[in-house]
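Chemist: Build me a model from this:
(one chain, ligands or ions: 1)
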Amino acid sequence: MRIVVKIGTSTLAHPSGHLNIRRVEELCKVMSDIKNAGHELILVSSGAIGMGVGKLGLRQKPADIPTKQAAAAVGQCELMYFYDKIFGEYRHTVAQLLITGDDTRSEKRHTNFTNTLNRLLELGALPILNENDTVATEEIVIGDNDTLAAIVAQSIHADLLILLSDIDGLYTADPHTHPDARLVTRVTRLDQELYALAGVSAGHQGTGGMRTKLRAAEICMDCGCAMVIANGNNPANLYRILDGESVGTIFTRED
Ligand code: GLU
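Modeler: Numbering: from 1, shown residues only. As a prediction, this is how the structure comes out:
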């Protein structure tokens, strides 16, 4: 299977902006094993801005663009350093691809990065993508990595996109404020009712919320790629998803 995994900032980093070492080591170990089993893996990783905030010792996530971009420049380096180190321990070669909305909208640039991704997979490397936050301003931004991950999944004809988040999946209400909220385990059609459920917003570290995840689901369902929202706090969820267990919320077209 060709699988795209997206990891959000709140899964990767502590609220301090420093790496959650235990979590990331476990995730990289599980992904390495999945790759060893013969699956093709692509990782879309957030965390550049969050980790930059931690490394620069800023008190909070910056609101102004130049500081955000500076934090991303520092944090992206830090992220790739860790990925290279940890995946390297399991003998996997990582590759960094940073793209912007322009690269997805221009046919030529889209073809270019898709070709690069396909070649990296043929070479057995593990492509790791993020938005190029240091240059992405309002006009050219994709804006969130849920959408980026779905665009990537669509471009390379992935079989499955897994969005690892700090929540178990899509709920019938905000589980933080409604203890009776139920997890929606399977979605085969995206309608207004479902969008109404997605009012839950992002935590203070990440960018997307449930809305961007539903937008990602739309892109995936349109091209026949299955999508799962699962909790990244438990990396072993990845094994369970591949074993066909019901984990989080799965979005598939009704056939
Ligand atoms: N590209 C952003 C970062 O690396 C994250 C965007 C997102 O989480 O959706 O910090």
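Chemist: So what touches the lowest-mean-pLDDT helix or strand in the chain?
Modeler: Confidence across the helices and strands of the chain bottoms out at helix 192-197, with a mean of 82, counting by mean pLDDT, DSSP states H and E. Contacts of helix 192-197 from elsewhere in the structure, counted by CB atoms under 8 Å, 6 or more residues apart in numbering, are 170-173, 184, 187, 210-211, 214. Heads up, the C-betas are built off the backbone N, CA and C, glycines and all.
Chemist: Buried ones only from these, please, as a PyMOL command.
Modeler: Of the contacts of helix 192-197, the buried ones go into a single PyMOL selection, burial set by 16 or more other CB atoms under 10 Å:
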select buried, resi 170+171+184+187+210+211+214
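Chemist: So which of the contacts of helix 192-197 sit within strands?
Modeler: Residues from the contacts of helix 192-197 lying in strands, with DSSP state E as the criterion: Val187.
Chemist: okay, who's weakest in the contacts of helix 192-197 by pLDDT?
Modeler: Within the contacts of helix 192-197, the minimum per-residue pLDDT falls on Ala173 (82).
Chemist: Give me the buried positions along the least confident helix or strand of the chain.
Modeler: In terms of neighbour count (16+ other CB under 10 Å), helix 192-197 has its buried residues at 194, 197.
Chemist: who touches Gly147 in this structure?
Modeler: One thing to correct before we go on: residue 147 is Thr, not Gly. Thr147 neighbours (CB under 8 Å, 6+ apart): 208, 212, 215-216, 219.
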